[in-house]
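Enquirer: could you look at this predicted model? Sequence included:
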Amino acid sequence: MRHHYRAAYAVALAVLGNAMDAEDVTQDSFVRAVERMDELREPERFKGWLLQIVRNRSRNYRSYRRLRTTRPLDTVTAAGSENPGADAERAELRGALESALGELSEVQREVVLLHDLEGWKHREIAQSLEISEGMSRQHLMAARRALRERLGGGLLKEYSND
């Protein structure tokens, strides 16, 4: 679980766009994977199999949430923080990033999170998403461009074209 958690979380976050929901779905997906381990016919493809479970559970959860939409609670910061200004700025930046990621297509979010957050190679992303490496690169380029436009150049200086 430790080895694959971050990638699974990135996939769930790409589909759901909400960190707390992504954590819940990721944990639920690991439970489901353990329950269905006997169905895995090719153990060397475990990572792809697991991520497909995460993708499916995330999509199911997203559909479920649409039926039960409610107004979200305001983000609460931890009491007793040593630097409330920095906490507020971090929360604002996180909100802006989540909002910008939410405007990307699902596949673009997944590619940018797996590549830039998890350090996956395009070959691995292509295999996981069942697309070509070239398409993975195109999705990454389009996602980075959209994030730069939405967030401005100052926040994403490191997001330069490869």
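Expert: Yep, that arrived. Here the structure is a predicted model, which is why all the values come from computation and not from measurement. Residues are numbered from 1 along each chain as shown.

Enquirer: tell me where the protein has helices.
Expert: When secondary structure is read from DSSP state H, the chain shows helices at 5-16, 19-35, 46-67, 84-102, 106-112, 122-129, 133-151.

Enquirer: got a markdown table for those, with mean neighbour count and mean pLDDT too?
Expert: (C-beta placed from N, C-alpha, C; glycine too.) As requested, the helices of the chain are exported to a markdown table (neighbours: other Cβ atoms under 10 Å; pLDDT from 0 to 100):
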| stretch | mean neighbour count | mean pLDDT |
| --- | --- | --- |
| helix 5-16 | 23 | 91 |
| helix 19-35 | 17 | 93 |
| helix 46-67 | 16 | 87 |
| helix 84-102 | 13 | 79 |
| helix 106-112 | 23 | 90 |
| helix 122-129 | 19 | 89 |
| helix 133-151 | 18 | 91 |
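
Enquirer: residues in contact with the nearest residue to L101 once chain neighbours are set aside?
Expert: For L101, the nearest residue in space outside its immediate sequence neighbours is R109; the separation is 5.4 Å by Cβ to Cβ, 6 or more residues apart in numbering. Contact criterion Cβ atoms under 8 Å, 6 or more residues apart in numbering gives 13-15, 17, 101, 143 as the residues in contact with R109.

Enquirer: okay, R109 and L140: tell me how far apart.
Expert: R109 sits 11 Å away from L140, going by Cβ to Cβ, to the nearest Å.

Enquirer: likewise L16?
Expert: With the distance defined as Cβ to Cβ, L16 ends up 20 Å from L140.

Enquirer: what is the nearest of the contacts of R109 to Q127?
Expert: Ranking the contacts of R109 by separation from Q127, with Cβ to Cβ as the measure, puts A14 on top at 16.2 Å.

Enquirer: would you confirm that that closest one contacts L113?
Expert: Yes - the criterion here is Cβ atoms under 8 Å, and A14 meets it with L113 at 5.2 Å.

Enquirer: quick one, domains of the chain?
Expert: In the domain annotation for the chain, the residue ranges read 1-70, 84-162 (automatic domain parsing).

Enquirer: still on that earlier bit, give me the common contacts of R109 and L140.
Expert: When contacts are counted by Cβ under 8 Å, 6+ apart, R109 and L140 are jointly contacted by no residue.
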